[in-house]
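1. Provided below are the primary sequence and the corresponding predicted coordinates.
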Amino acid sequence: MVEKRKRNDFLEKFHVYGGLASVGILIIFSFSAYVHQHHPKFAEPREGKPTYWEQSIDMPEMEDHHAFKLAVRDSLGLFGHAPWWEDYTDSLGVMHFMITRPGKQYWVTVPETGNTYMIKEHGSGLLNIANQLHPLSAGMQNAGEHTPAYTKVWRFVMVPMGLVLIMVVLISLHFWLKRSIRKKRGWITIGVLASAPILLFIMIWLVG
Amino acid sequence: MKFNKLIRKIHLGASMIIFAFMFMYVFTGFFMVNRTLFDIPEFTDTYDTITLGLKPGTDPSAYAKFLEDEFDLKGRREYRQDWKKNWIFGFYYPGENTVITVPPDQDSVFVKVSKQERTFYTVIHQMHVLRGFKGGWPYTVWAVFYDTAFVAMFIFAITGILLWWRTRRRYKYGGWFLAFGIALPLFFMLLYTWTK
């Protein structure tokens, strides 16, 4: 009896303290999920006044287009992604591509001749950074040699925080199931709520 | 007391809604964070030019359906116009993407089919990034689930803080944990703001 009370006490404390410790992450993830699906204007990189700068770098001929963009990024001393879809050649045949990372977005203009690259730089607001913290843990692995160390720290923070969040939710359900288990209502409710998205995904996966 | 009970119920309801999603996203997210452990298959592209006898016209949605039937495609339908005014029709299905480019005034289509072998990782990745309302009713339903889940996540967090606040005498270190929980992402956000 005492042990059971101690265990329940521990679970309750873990739920409350763990939940409070991960509240910021939970809100960030909730916000970025909203942004990923609805693409609101306010979370886009701040348009404001971009700054322009130029830098001369020597780039060797490269067959792989994406590898070339990453090499340019490293040579310019930047870090971040070069999304494959943010890339175009304008009507004059000049190539432009984007490098993006939380806090900054760059459009790089590749010179047709010479070695002077022009960079248009946008700073982004806190909301945009909050959104970018979401894929950061997974996506910033190949952000280049100039990636600051704290990016890796964030990645390692996210995994334990994710586990804490799962525990917090499970404890919440555990206490509720304990109360409603005899009525079978608990299992049915949980079963329906859990299986609906899983079944839907399987359907999408199999049927298309 | 009534207020407490209501908040507790909302908190519990939110946890029920998010728990399957949270498992799925933490599970798939874990593999995505460690994607270097996987041998991710490349997309292989094949190209063809086919004459169909029909132009995209003014109804690209109907044309997308026409292409879907013509090429026996499945998956999420998306279309857009590129800067040359070409119509780009995409059919995205886990592990298999088909992109069809149609010049605006011609009835021949340039077909690029990109296929990727289905592996554990590609399915995991597809699960994690599946979102958006386009592409037919299953995708719309998924998008509604997704919306519900992120709203529930936010509500779970806020009601959790409220519940703690009303029992803060019992959980006296809660303020420190909450401060840590808010400061952690805020600290990283500021770091990125300050990094040149």
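-> Yep, it's here. Only a predicted model underlies this, so the values are computations on that prediction, with no experimental measurement involved.
2. what's around residue 11, how many residues?
-> By default, I'm working from chain A. 17 (other CB atoms under 10 Å in any protein chain shown). Using the backbone N, CA and C atoms, a C-beta is placed for each residue, glycine as well.
3. switch to chain B, that's the one I care about
-> Close neighbours of B:His11, defined as other CB under 10 Å, add up to 19.
4. so how far is the longest helix along chain B off the chain centroid?
-> In chain B, taking DSSP state H as the definition, the longest helix is helix B:2-33. Relative to the chain's own centre, helix B:2-33 is displaced by 18 Å; criterion: CA atoms, centre = their mean, to the nearest Å.
5. just the strands in the chain please.
-> Defaulting to chain A. In chain A, the strands defined using DSSP state E lie at A:51-56, A:87-89, A:95-101, A:104-110, A:116-123.
6. I was thinking of chain B, sorry if that wasn't clear
-> Using DSSP E, strands in chain B cover B:43-51, B:76-81, B:87-93, B:96-102, B:108-116.
7. buried residues of the second one, list them for me.
-> For strand B:76-81, a neighbour-count test (16 or more other CB atoms under 10 Å in any protein chain shown) marks B:Arg76, B:Arg77, B:Tyr79 as buried.
8. repeat that for stretch A:188-197.
-> Neighbour-count burial for stretch A:188-197, with 16+ other CB under 10 Å as criterion, is recorded at A:Thr189, A:Ile190, A:Leu193, A:Ala194, A:Pro197.
9. what's in contact with it?
-> A:Leu173, A:Leu177, B:Met16, B:Ile17, B:Phe19, B:Ala20, B:Phe21, B:Met24, B:Trp142, B:Phe145, B:Ala149 (CB atoms under 8 Å, 6 or more residues apart in numbering or on different chains).
10. in these, find the pair that's most separated.
-> The widest separation within the contacts of stretch A:188-197, taken as CB to CB, falls between A:Leu177 and B:Trp142 and amounts to 26.7 Å.
11. how big is the angle separating the helix ranked longest in chain A from strand A:95-101?
-> Once chain A is assigned using DSSP H, the helix that runs over the most residues is helix A:149-180. Here helix A:149-180 runs at 60 degrees with respect to strand A:95-101, directions being taken by axes from the mean of the first three to the mean of the last three CA atoms, to 10 degrees.
12. and the angle from helix A:149-180 to helix B:2-33?
-> Using the same axes, to 10 degrees, the inter-axis angle of helix A:149-180 relative to helix B:2-33 is 130 degrees.
13. quick check, pLDDT for A:Ser75.
-> In this model, A:Ser75 is scored at 93, pLDDT.
14. contacting residues for it?
-> Contacts for A:Ser75 (CB under 8 Å, 6+ apart) come out as A:Ile57, A:Asp58, A:Met59.
15. and these, which is closest to chain B?
-> A:Ile57 (17.6 Å; CB to the nearest CB).
16. what's around B:Phe38, how many residues?
-> Applying other CB under 10 Å, we find 15 residues neighbouring B:Phe38.
17. also the one 4 residues further on?
-> Number of residues near B:Glu42 (other CB under 10 Å) recorded here: 9.
18. for it, give me its contacts.
-> Per CB under 8 Å, 6+ apart, neighbours of B:Glu42: B:Gln116.
19. domain ranges for chain B, per the record?
-> By the record's domain assignment, chain B is partitioned as B:1-39+B:119-181, B:41-117 (automatic domain parsing).
20. lowest average pLDDT across these?
-> domain B:41-117 (a mean of 75).
21. what separates that one from the chain centre, distance-wise?
-> Offset of domain B:41-117 from its chain centre (CA atoms, centre = their mean): 21 Å.
22. rewinding a little: could you tell me the least trusted of the strands of chain A?
-> Looking at these, the bottom one is strand A:87-89 with a mean of 81.
23. listing partners with orientation, what would you give for that one?
-> Counting by DSSP bridges, the strands paired with strand A:87-89 are strand A:95-101 (antiparallel).
24. how big is the angle separating the partner strand from strand A:116-123?
-> Note on geometry: by the same axes, to 10 degrees, strand A:95-101 and strand A:116-123 are set 40 degrees apart in direction.
25. nearest the geometric middle of chain B, what residue?
-> In chain B, the residue lying closest to the centroid (CA atoms, centre = their mean) is B:Arg131, at 2.8 Å.
26. neighbours of the residue found closest to it once you drop the neighbours it is linked to in the chain, how many?
-> The shortest distance from B:Arg131 to any non-neighbouring residue, by CB to CB, 6 or more residues apart in numbering or on different chains, is to A:Gln37 (4.8 Å). Number of residues near A:Gln37 (other CB under 10 Å) recorded here: 15.
27. what of B:Leu37?
-> There are 8 residues near B:Leu37, going by other CB under 10 Å.
28. so who does it touch?
-> If you count contacts by CB under 8 Å, 6+ apart, B:Leu37 has them with B:Phe31.
29. for the residue of chain B found nearest chain A, give me phi and psi.
-> Going by CB to the nearest CB, chain A is nearest to B:Lys74 of chain B, at 3.2 Å. Dihedral pair for B:Lys74: phi -140, psi 170, per degrees, to the nearest 10.
30. check contacts around it.
-> A:Val207, A:Gly208, B:Glu68, B:Phe91, B:Tyr93.
31. skipping adjacent residues, who's closest to residue 120 in space?
-> All of this is about chain A. A:Trp107 (4.4 Å).
32. was after chain B, sorry
-> In space, B:Phe120 is closest to B:Phe38, 7.5 Å off (CB to CB, 6+ apart).
33. list the residues that contact that neighbour.
-> B:Phe38 is in contact with B:Phe31, B:Thr119, B:Phe120, B:Tyr121, counting by CB under 8 Å, 6+ apart.
34. tell me how far the nearest residue to A:His174 once chain neighbours are set aside lies from A:Ile190.
-> Of all residues beyond its chain neighbours, the one nearest A:His174 is A:Leu11 (7.0 Å), with distances taken as CB to CB, 6+ apart. To A:Ile190, A:Leu11 is 18 Å away according to CB to CB, to the nearest Å.
35. and what of A:Pro102?
-> A:Pro102 is 36 Å from A:Ile190, where distance means CB to CB.
36. ok, now B:Leu130?
-> Taken as CB to CB, the span from B:Leu130 to A:Ile190 is 23 Å.
37. before I go, just wanted to say thanks for your time.
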